[in-house]
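> Model the following, please.
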Amino acid sequence: MRIKNIYLILMLSLVVGHLEAQTFRGGVVLGANASQINGDLIAGFNKIGLHLGLKVVSDITDKIAWSTELLYSERGSHTQAKFSDPFTISINYVEIPLLISFKDWQQEDYYKMHFEAGASLGRIIDQKVKDIGGNTDIDGLNETDLSAIVGATLYSNDHLGFSARYTHSINLLRDERKHPGLSRFRGYFLTFRVLYLF
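Now for the predicted structure:
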């Protein structure tokens, strides 16, 4: 037991030492989501929503970095079909992505292209359905979302970047097995955004 404790202390010391050696940069992000929900009988990335938040990034090596973010993210689905009534599902999240980035295309003292992949944990803070009858809540939604993310960012300099992302929920937004009579939902969306690192 004592050997395990010594080993744990040594490992923690190495991790803390590595973190202290890293340089952290903070930034802000602003953009838009184009989202849809599989299972709502509405096709297309037609629900446009706000995407904004804060970002922290740190280099692991010269060409690999990790980052995390705190985001407000508006998702859902929308139809404005010619022969049907307007219908919008709005689901707003706070989410925390954790990502690994791979850099390429070196330009002076920075890399222009960053390719990223990772996962995000989100929590619903507001939701509603809007139709000709008004606003109502959506039954049976999973309040917690776990998603996979892939994306790329093009930097114009060491501070300013323009990125595109695809996010796909791993777990169901609504599980028909837990809620008989209700359809199965799974969310996914595209994000286009601008980021600035200080």
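
> Can you tell me, leaving aside adjacent residues, what's nearest to residue 197?
Excluding its sequence neighbours, the residue lying closest to residue 197 (CB to CB, 6 or more residues apart in numbering) is residue 27, at 3.9 Å. Yep, even glycine has a C-beta here, placed from its N, CA and C like the rest.

> show me the contacts for that neighbour.
Contacts for residue 27 (CB atoms under 8 Å, 6 or more residues apart in numbering) come out as 54-57, 195-198.

> where does this protein dip in pLDDT?
Judged against pLDDT under 70, the low-scoring parts of the chain cover residues 1-22, 39-44, 80-86, 131-137, 176, 178-182.

> where exactly do the strands run in it?
Shown for the chain, the strands assigned by DSSP state E span residues 24-38, 47-59, 64-79, 87-107, 110-131, 134-136, 144-155, 160-169, 186-197.

> closest to residue 177 out of those strands?
strand 186-197 (13.4 Å; CB to CB).

> Pairing partners for that closest one, with directions?
Counting by DSSP bridges, the strands paired with strand 186-197 are strand 24-38 (antiparallel), strand 160-169 (antiparallel).

> Now distance to residue 128 too, for those strands, in TSV please.
Shown next, in TSV, are the strands paired with strand 186-197 (distance: least, CB to CB, whole Å):
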stretch	distance to residue 128
strand 24-38	14
strand 160-169	19
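
> what bridges to residue 121?
Here residue 121 sits in beta bridges with residue 96, residue 146, going by DSSP bridges.

> From residue 63, how far off is it?
27 Å (CB to CB, to the nearest Å).

> Next: residue 113.
Taken as CB to CB, the span from residue 113 to residue 63 is 11 Å.

> which residues do the two both contact?
Shared contacts of residue 113 and residue 63, defined by CB under 8 Å, 6+ apart, are found at 103-104.

> hang on, residue 127 packs against residue 141?
Yes. Counting by CB atoms under 8 Å, residue 127 touches residue 141, with 6.2 Å between them.

> Please enumerate the shared neighbours of those two.
Common neighbours of residue 127 and residue 141 (CB under 8 Å, 6+ apart) are residue 91.

> circling back to that earlier point, for the residue nearest to residue 197, list each beta-bridge partner.
Beta-bridge pairing for residue 27 (DSSP bridges): residue 55, residue 197.

> hmm, back to that, pipe the strands of the chain into a markdown table and attach distance to residue 175 per row.
Formatted as a markdown table, the strands of the chain follow (distance: least, CB to CB, whole Å):
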| stretch | distance to residue 175 |
| --- | --- |
| strand 24-38 | 13 |
| strand 47-59 | 21 |
| strand 64-79 | 18 |
| strand 87-107 | 15 |
| strand 110-131 | 15 |
| strand 134-136 | 20 |
| strand 144-155 | 12 |
| strand 160-169 | 12 |
| strand 186-197 | 10 |
